[in-house]
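A.B. asks: Curious how this folds, go ahead:
(2 chains)
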Amino acid sequence: EAQVTQNPRYLITVTGKKLTVTCSQNMNHEYMSWYRQDPGLGLRQIYYSMNVEVTDKGDVPEGYKVSRKEKRNFPLILESPSPNQTSLYFCASSLRGLGSYEQYFGPGTRLTVT
Amino acid sequence: AQSVTQPDIHITVSEGASLELRCNYSYGATPYLFWYVQSPGQGLQLLLKYFSGDTLVQGIKGFEAEFKRSQSSFNLRKPSVHWSDAAEYFCAVGLYNFNKFYFGSGTKLNVKP
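C.D. replies: You can find the predicted model right below:
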């Protein structure tokens, strides 16, 4: 089944404790992206990747890191999480970037930072 | 500034009634336009998309949307709403030159029996 998977689905952590949220897709998509969803703000793009070893900032990259060493995986790293990073996070992938392709979304990761 | 606006935060309609959800964007050129739906506790699913050509596009689940360049709008419509349509709907814009996507703040749809 074609899908985007994220782990963990729920995470409660404390300020400053490094964490990684994994994202994997099995559709051989070139483009992958991370979003955060906050009430009243919709989804905001954190980082995206056009292909392996090619990443770039979205609208809200501060406090986050990403890497794309393999085509299928695109982990999101929070090296020193803070309470304002409490949010619902979505990973997405599409065949190509360039703004024209449908994105397929993972189920989301709900992160709470205390 | 670039933006996607969904002016209605909540909308309630009766089952069987028609529906229109509004979306306006602010960009220099015609972007790629999408509508996604998010059911409670779920990820996002694509309803329909517009790239070029016919300005009235058909999507899944009986939804359609019309692109109006003069109004910078891409409103979503459905002639007869079903209770299962209750969800949150997001308008999104893709920009060719920047490989980025921008989402509106969403409209929550409630359906009355």
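A.B. asks: what residues does chain A put near chain B?
C.D. replies: Within chain A, the positions near chain B by C-beta under 8 Å from any C-beta of the partner chain are A:4, A:31, A:33, A:35, A:40-45, A:48, A:50, A:56, A:58-59, A:90, A:92, A:97-103, A:105-108. For every residue, glycine as well, the C-beta is placed using N, CA and C.
A.B. asks: Show the buried residues in these.
C.D. replies: Neighbour counting with 16 or more other C-beta atoms under 10 Å in any protein chain shown marks A:4, A:31, A:33, A:35, A:42-45, A:48, A:50, A:56, A:58, A:90, A:92, A:97-103, A:105-106, A:108 as buried within those.
A.B. asks: can you map out the helices along chain B?
C.D. replies: Here chain B has no helices by DSSP state H.
A.B. asks: ok, and the helix or strand in it with the lowest average confidence?
C.D. replies: strand B:100-103 (a mean of 87; mean pLDDT, DSSP states H and E).
A.B. asks: Mind naming the longest strand for the chain?
C.D. replies: Because you didn't say which chain, this covers chain A. strand A:42-51 (DSSP state E).
A.B. asks: try chain B instead
C.D. replies: strand B:87-95.
A.B. asks: Between strand A:42-51 and that one, find me the angle.
C.D. replies: Strand B:87-95 runs at 40 degrees relative to strand A:42-51, counting by axes from the mean of the first three to the mean of the last three C-alpha atoms, to 10 degrees.
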